[in-house]
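1. The following comprises the amino acid sequence and a computationally predicted model.
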Amino acid sequence: MKTAVILLSILSLAFATVYFQENFDDDSWENTWVISKNKAELGKWSRKAHEYDPSENTGLKTTNDYRFYQISRAFDAFSNDGETLVVQVSVANPQRIDCGGGYIKLLPKGFDQENFSGDSKYYIMFGPDICGSTRRTHAIINYQGENVLINQQAPVDSDIFTAVYTLVFKPDQTFEIKIDNEVKVSGSITDYWDVLPPRQIPDPSQTKPSDWVEEEFIIDTSAVKPEGYDDIPAFIADPDAKQPDDWDSELDGDWEAPLVPNPEYNGPWEQPRIPNPDYKGPWIQPMIDNPTYKYDDKVYSFPDIAGIGIEIWQVKSGTIFDNILVTNDVALASAAADKIVAQKAAEKENKSKVDADAKVAQEEEAARLAAELEEEGEEEGHTHEEL
């Protein structure tokens, strides 16, 4: 049994391919990534570590507020036809972002790096997007030239620590979106992206019959207004009111109780509505198979994938991109994601320690100032006694 497991592991590694990986561990990214010249003034990048990461693992950080960022890197083209595609990236927003993108784009062969922009064609756009109350993980695919957004909103990690986002497309046309290595959304690609025509459509040859009754209630024309109904006043004298003791009839006139709403008054009389005996319910047009529907078993597949791009707008800069991975191996990506999850835990632990140390320092400073004030008060008291 152990031998079989080892053989399967070896076979898995043999077929595993890392198409692209970028960890921004040194300044070599400046020689491999190309900053677009599409706009006159773009935001600048800097290689930085998360302020609470004790390992000081660096990533690519946005540094200017209210700027577009457009940068890309090309690699050898490949197609994921017939195999799994995994796109993974870690994103941190230590600046507590209020509006800005944190997604990456998978780009086709031949894309123009010098002119890379929001108009550039892409195959996949994936990653967090936060602006005000809109907080989601973008997952957009290009199908037959049209960019199609996932039809169910995927959640997003919106704290200040490093999070890892993973998108998996499989040849059986299923997918997974994971955050911190936990599946958040999964299912059939063709169910979650509206790329194919509907399987059924309303039968255009069927129309609602002219005598179809959709009115659920009708006026009861046989109802008659009760005798004396209109004689009931809307207001009556308050039966609980009493004449004030100091009321002077000669000066104030005859006392009258104030008027209050009459509980027996029911408003103007109207004939009641009753269930319509001819009611047939809402008319629903019959459905038929869509003659234009054709299943496409290659929705998951993209030809000539050849680049990664970051094309975003940020109101508040400070986002850190890191650990970009494109592979066909889910297990390899999962192992890499586990390391990032561990980094996140270390960031949280370190922040707790920093906050605790800051609190202690603040308390010590407050005690020192209080002691100084007390000492000054004692000295001032002695001075008055001497005088």
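-> Structure received. Numbers count the residues shown, from 1 in each chain.

2. Please make it C-alpha for all contacts and neighbour counts, starting now.
-> Fine.

3. quick one: contacts for F321?
-> Residues near F321 by C-alpha atoms under 8 Å, 6 or more residues apart in numbering: G59, L60, K61, V89, S90, V91, A92, G102.

4. so where is this protein shaky, pLDDT-wise?
-> Across the chain, the ranges flagged by pLDDT under 70 are 1-15, 378-387.

5. Farthest from the middle of it: give me that residue.
-> Largest separation from the mean C-alpha position in the chain: E250, at 75.7 Å (C-alpha atoms, centre = their mean).

6. From P204, how far off is that one?
-> Noted for E250: a distance of 85 Å to P204, by C-alpha to C-alpha, to the nearest Å.

7. Show me where the stretch 151-300 of the chain has its helices.
-> For the stretch 151-300 of the chain, helices defined by DSSP state H, counting those that start in this stretch occupy the ranges 189-192, 249-252.

8. Deepest-packed of the ones you listed, please.
-> Highest mean neighbour count among these (mean count of other C-alpha atoms under 10 Å): helix 189-192, with a mean of 17.

9. And that helix, how far out from the chain middle?
-> Centroid separation for helix 189-192 versus its chain: 19 Å, with C-alpha atoms, centre = their mean, to the nearest Å.

10. Which phi and psi values does N350 adopt?
-> In terms of degrees, to the nearest 10, the main-chain angles of N350 are phi -70, psi -40.

11. Near it, how many other residues are there?
-> Residues lying near N350 (other C-alpha atoms under 10 Å) number 16.

12. Can we start the residue count at 487 from this point?
-> Sounds good: first residue 487 from here, last item N836.

13. That one contacts D539, correct?
-> Yes: taking contacts as C-alpha atoms under 8 Å, N836 lies within contact range of D539: 7.2 Å.

14. Can you classify the residue nearest to the spatial centre of the chain by secondary structure?
-> Nearest residue to the geometric centre of the chain (C-alpha atoms, centre = their mean): R622, 1.7 Å. Here R622 is strand, with the state taken from DSSP: H, G, I helix; E, B strand; the rest coil.

15. Relative to N579, how far out is S838?
-> For S838 relative to N579 (C-alpha to C-alpha), the value is 17 Å.

16. which one of these two has more residues nearby?
-> Just comparing S838 and N579: by other C-alpha under 10 Å the higher neighbour count belongs to N579, 24 against 13.

17. got the contact list for the more buried one?
-> By C-alpha under 8 Å, 6+ apart, the contact list for N579 reads S644, D645, I646, F647, T648, G804, T805, I806.

18. Out of those residues, the closest to D724 would be?
-> Within the contacts of N579, the smallest distance to D724 is 60.4 Å, found for S644 (C-alpha to C-alpha).

19. Could you measure from the closest one over to K830?
-> Distance, S644 to K830, using C-alpha to C-alpha: 13 Å.

20. what do you get for V634?
-> Distance from V634 to K830, by C-alpha to C-alpha: 32 Å.

21. now Y608
-> Between Y608 and K830 the computed distance is 30 Å (C-alpha to C-alpha).

22. so how far is stretch 726-738 off the chain centroid?
-> 68 Å.

23. Oh, that last question was meant for stretch 829-849, not what I typed.
-> Worked out by C-alpha atoms, centre = their mean, stretch 829-849 lies 28 Å from the chain centre.

24. Which element is encountered next along the chain beyond the strand ranked longest in the chain?
-> In the chain, with assignment by DSSP state E, the single longest strand is strand 553-564. Using DSSP states H and E, the next helix or strand after strand 553-564 towards the C-terminus is strand 571-578.

25. The residue nearest to A502 when sequence neighbours are not counted - how many residues pack around it?
-> Among residues not flanking A502 along the chain, D815 sits closest, at 5.3 Å (C-alpha to C-alpha, 6 or more residues apart in numbering). By other C-alpha under 10 Å, 19 other residues sit near D815.

26. distance of D815 from A821?
-> Taking C-alpha to C-alpha, one finds D815 at 10 Å from A821.

27. Equivalent analysis for N628, please.
-> Distance, N628 to A821, using C-alpha to C-alpha: 28 Å.

28. T548 now?
-> 27 Å.

29. between these two, who's got more neighbours?
-> Using other C-alpha under 10 Å, the more surrounded residue of T548 and A821 is T548, with 22 against 12.

30. list the contacts for the closest residue to Y751 other than its chain neighbours?
-> Spatial nearest neighbour of Y751, chain neighbours left out: A720 (5.5 Å); criterion: C-alpha to C-alpha, 6+ apart. Residues in contact with A720 (C-alpha under 8 Å, 6+ apart) are P747, N748, Y751, G753.

31. right, and out of those residues, which lies closest to Y678?
-> Using C-alpha to C-alpha, these come closest to Y678 at G753, 53.3 Å.

32. residue contacts, the closest one?
-> A720.

33. Over to I687?
-> I687 neighbours (C-alpha under 8 Å, 6+ apart): M773, I774, D775, N776.

34. rewinding a little: so the residue nearest to A502 is in contact with V573, correct?
-> No: look at D815 against V573 with C-alpha under 8 Å: they stay out of range, at 10.2 Å.

35. rewinding a little: report the buried members of the contacts of N579.
-> Among those, those buried by neighbour count (16 or more other C-alpha atoms under 10 Å) are S644, I646, F647, T648, G804, T805, I806.
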